[in-house]
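Undergrad: A predicted structure for the sequence below; I have some questions about it.
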Amino acid sequence: MRTHRWFRRDMVMVAAVLMAVSLMAQACGTPDAGTQDVSAQDVTEQTDGAAIPVRMWIAFTDYRLDWAREKAAEFNQLYPDYEVIIDGYPDYETLFDSALLASEQGNPPAIMHFFEAATQEIRDAVNPAGDPLVTSVAGAIAGRRDINGVPVILEDIVSAPRNYYTVDGEFQSMPWNTSSTVLFSNADMLEAAGIEAPPATWADVEAACAQILALPDAPSNCITWPNHSWIVEQAMAQQNELLANEDNGRSGRADQVFLNSPGMTSFMTWWKALNDQNYYVYTGSQRDWDGTRNAFIAKQVAFLLTSSSDTTDITDSGQAAGFDVVASFMPYNQDVGRSGNVIGGATLWLVDGLEQATEDGALMFMNWFNNPENAAEWHKITGYIPITNGAIALLEQEGWYEQNPNSKVASDQLAESQTTPATLGVLAGNFVAIRDVVTSTAEQLLVTPGRSVDEALETANQQANRLLDDYNALQAE
C-alpha cells in the first residue's frame, strides 16, 4: 500500500474545507448518453485546433511519475486534440491541499490521485460553490462504451477494487495503484530449517520462527512488518470483523468504530506475543516501510509482511543479495479462518464541474491509462496488481507469471477473498487520523513491557470515536 502519512487538520481548516455533506450528489440524475458524447471532430471545432489541456496530479515523485509522464506523452501523440499534463506531489496530503486551493482559485486539475483510506473524506469535500469536489466516474461515462474511440474499461476491472470503490451502487473512481498485503519469505532460510512451505497461519508463523531461530547461523529475529494500521485492517478483514458500524460504512454513514473488538484484540495480542518472544522485530519507527524491507534484504529476518506493491523490488533485491524470495498469502488466524483481504493503494478521481470536452479528455485518458497493455506494464515494473482482467490475460499469454510467480500472489489473494462488508473495506470520516491512533497504540504495546492489550485498545477506541464524532458533527453543520 505504502500511502503517505495523513495529517490531522485543525478543526477550523476542516470546517472550511468540508463545508457540507455531498450525500445528495449521488441522487442527482446523469445526463443522457447522447448529450454526453463529444466526437473528436467536435473537440477540434470547439478548440479551433488547439489541444485541450487535461491536468492530472499524482502522489508520486519517483520512477512511477516518470512512467506516468511517458504514458501521457504517448497518449498525446495518439490523441493530439488533448494534452495530458501530469504533476507529481510528495504525498496525498500535499496533493489534496493543493487541489482544494486550486479549486478555490477556479483552476483545479481534471484528475486527482487519492488513497483508499480517505475515500469518505474526498466524497465529502466540496468546492467553493458548495458542490462536490469530485464526481462519479461511472456517472460521467453515462453508459458509453467508448469515449471518442477509447474503450471504456470499467466493466473489466477486477472485483476487489471494483467493490471497494463502488459506493451507493455506483463506481466512484478509476482504480490505479492497487495492492494487497503479502508475506515474503527467504527461501534459503526455510530450506535450511526444514520448512517445506511458507507459513499460512499465525500458528505456522510461530512454529517456523522457532525452527529458524534454532539454526546455527540464525538471523537475529524472525519476522517483521511496518507498524501501520493497514496491516491491522487486513487482519480484521481476514477474521471478518468490522471496523465500523453501518456495515463498515457501506450501508450508511459510519458513526462508530470498533478498535476493541475480539478480532482486533486477537491480532494485537498475537503481535505483542511475537514481539515479546523476539520473533518479531520493531524498527522503532512507525510506518517504516523501508526499514522493514531493508531488514529482510539484509537477512536479519526470514519473513517480511508488507505491500505487494514492492513485489518486483523485493524479489529482485533478494536475488541480488544472494537468496531466493517466495511470496505467499498473508497468514491468518487459524482459530477463526480466512474471509479475505482488503485492498490498499489509491485511485483516480474525476473533478466535478469540468467543461464537457475537458471531462471527456480526462475520461479518455483514465481508460486508456488502464488498458490491458498499460495495466500489465504498470504491474511488471511495480508489483501493484493488474487492474483489469484483460491485463491478467495478457500477462498469462506472455508467460509472465510462469517466470515471475511472486507477481501473481496478490491478485490470487484478492480474487479468493469472500465479498463481505469486512473485506470490502471501511468507509469512515477522519479514518486516516483514526489510523494514527491504531499505529500509536501498537507502538505502545511493542515498546512498553506489561502494557495491557485490553486497556490499550479501550483507550484507542475512545480516542478514535471522538475523532469520528468530531468529523461527523462538522458534516451536520
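TA: Right, received. Where do you want to start?
Undergrad: what about the helices in the stretch 101-250 of the chain?
TA: 119-124, 137-141, 159-164, 187-192, 202-212, 229-238, 245-249 (DSSP state H, counting those that start in this stretch).
Undergrad: just so I know, which of the ones you listed lies nearest A273?
TA: Using C-beta to C-beta as the measure, helix 202-212 is the one of the helices of the stretch 101-250 of the chain that comes nearest A273, at 8.2 Å. Every C-beta, even on glycine, is put in place using the N, C-alpha and C of the backbone.
Undergrad: can I get the closest one in CSV, CA atoms only?
TA: The C-alpha coordinates for helix 202-212 follow below in CSV (Å, rounded to 0.1, in the frame of the first residue of the first chain):
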residue,chain,number,x,y,z
TRP,A,202,-0.4,-17.4,12.8
ALA,A,203,0.4,-20.7,14.5
ASP,A,204,2.5,-21.7,11.5
VAL,A,205,4.5,-18.4,11.8
GLU,A,206,5.3,-19.2,15.4
ALA,A,207,6.4,-22.8,14.6
ALA,A,208,8.5,-21.6,11.7
CYS,A,209,10.2,-18.9,13.8
ALA,A,210,11.1,-21.5,16.5
GLN,A,211,12.8,-23.6,13.8
ILE,A,212,14.5,-20.7,12.1
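Undergrad: now do it: distance to the chain's middle.
TA: The chain centre lies 29 Å from the centre of helix 202-212; the measure is C-alpha atoms, centre = their mean, to the nearest Å.
Undergrad: what does it rub up against?
TA: With C-beta atoms under 8 Å, 6 or more residues apart in numbering as the test, helix 202-212 has contacts from 189-190, 193-195, 198-199, 218-219, 222-223, 270, 274, 277, 279, 302-303, 331-334.
Undergrad: residues contacting S98?
TA: Shown in contact with S98 (C-beta under 8 Å, 6+ apart): 57, 89.
Undergrad: quick one: it is in a helix?
TA: Yes: counting by DSSP: H, G, I helix; E, B strand; the rest coil, S98 is part of a helix.
Undergrad: measure it to T358 for me?
TA: 19 Å (C-beta to C-beta, to the nearest Å).
Undergrad: got it, and D81?
TA: Distance of D81 to T358, given as C-beta to C-beta: 11 Å.
Undergrad: which neighbours do these two share?
TA: Common neighbours of D81 and T358 (criterion: C-beta under 8 Å, 6+ apart): I52.
Undergrad: one step back: can you list which of the contacts of helix 202-212 are found in strands?
TA: 223, 303 (DSSP state E).
Undergrad: where do the strands sit along this protein?
TA: Using DSSP E, the strands assigned to the chain run over residues 52-58, 82-88, 111-115, 134-135, 146-147, 150-151, 166-167, 170-171, 174-179, 181-186, 223-224, 303-307, 325-329, 344-351.
Undergrad: show me the shaky parts of the stretch 51-200 of the chain.
TA: Residues of the stretch 51-200 of the chain meeting the criterion pLDDT under 70: none.
Undergrad: T135 is in contact with S173, correct?
TA: No: counting by C-beta atoms under 8 Å, S173 stays clear of T135, with 9.6 Å between them.
Undergrad: more neighbours, these two?
TA: Taking other C-beta atoms under 10 Å, S173 and T135 do not tie; S173 has more neighbours (29 against 23).
Undergrad: so what sits opposite the closest residue to that one other than its chain neighbours in the bridge?
TA: Leaving aside its sequence neighbours, S173 sits nearest to T347 (C-beta to C-beta, 6 or more residues apart in numbering; 4.2 Å). Here T347 sits in beta bridges with F114, P175, going by DSSP bridges.
Undergrad: T347 is in contact with E116, isn't it?
TA: Yes: contact criterion C-beta under 8 Å: T347 and E116 qualify, at 6.7 Å.
Undergrad: what touches both of those two?
TA: Residues touching both T347 and E116 by C-beta under 8 Å, 6+ apart: Y165.
Undergrad: who are the contact partners of the nearest residue to A321 once chain neighbours are set aside?
TA: With C-beta to C-beta, 6+ apart as the criterion, A321 has its nearest non-adjacent residue at 5.3 Å, and that residue is I297. I297 makes contact with 314, 317-318, 321, according to C-beta under 8 Å, 6+ apart.
Undergrad: what subset of those residues is buried?
TA: Neighbour-count burial (16 or more other C-beta atoms under 10 Å) applied to these gives 314, 317-318.
Undergrad: as JSON lines, those with pLDDT and distance to R253 would be great.
TA: Below are the buried ones among the contacts of I297 laid out as JSON lines (pLDDT from 0 to 100; distance: C-beta to C-beta, whole Å):
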{"residue": "I314", "pLDDT": "98", "distance to R253": "38"}
{"residue": "S317", "pLDDT": "98", "distance to R253": "43"}
{"residue": "G318", "pLDDT": "99", "distance to R253": "44"}
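Undergrad: list just the nearest of these to T419.
TA: When the buried ones among the contacts of I297 are compared for distance to T419 (C-beta to C-beta), I314 wins out at 28.8 Å.
Undergrad: what sits against that closest one?
TA: 184, 293, 296-297, 304, 306, 325, 383.
Undergrad: quick one: residues contacting H228.
TA: With contacts defined as C-beta under 8 Å, 6+ apart, H228 is in contact with 1, 286-287, 289, 435, 439.
Undergrad: now with 7 Å, please.
TA: H228 makes contact with 287, 439, according to C-beta atoms under 7 Å, 6 or more residues apart in numbering.
Undergrad: same check, this time on I52
TA: Taking C-beta under 7 Å, 6+ apart as the test, what I52 contacts is 43, 81-82, 357-358, 361.
Undergrad: who does it form a beta bridge with?
TA: Beta-bridge partners of I52, counted by DSSP bridges, are Y82.
Undergrad: what is the neighbour count of N465?
TA: 18.
Undergrad: turn the contacts of I297 into TSV, including distance to G106.
TA: Shown next, in TSV, are the contacts of I297 (distance: C-beta to C-beta, whole Å):
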residue	distance to G106
I314	44
S317	46
G318	50
A321	52
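Undergrad: what's the farthest-apart pair in those residues?
TA: The two members of the contacts of I297 with the most space between them (C-beta to C-beta) are I314 and A321, at 10.3 Å.
Undergrad: tell me which of the contacts of I297 fall in helices.
TA: Among the contacts of I297, DSSP state H puts 314, 317-318 in helices.
Undergrad: tell me which of these is nearest to F369?
TA: Nearest to F369 among the ones in helices among the contacts of I297 is I314, at 25.5 Å by C-beta to C-beta.
Undergrad: per-residue pLDDT of the residue nearest to A321, please?
TA: For I297, the pLDDT comes out at 99.
Undergrad: how near is it to D313?
TA: Distance, I297 to D313, using C-beta to C-beta: 9 Å.
Undergrad: so what's N430 up against?
TA: 467-468, 471.
Undergrad: any idea what the nearest residue to M330 once chain neighbours are set aside is bridged to?
TA: Nearest residue to M330 in three dimensions, chain neighbours excluded: T181, at 4.7 Å (C-beta to C-beta, 6+ apart). Counting by DSSP bridges, T181 forms beta bridges with S307.
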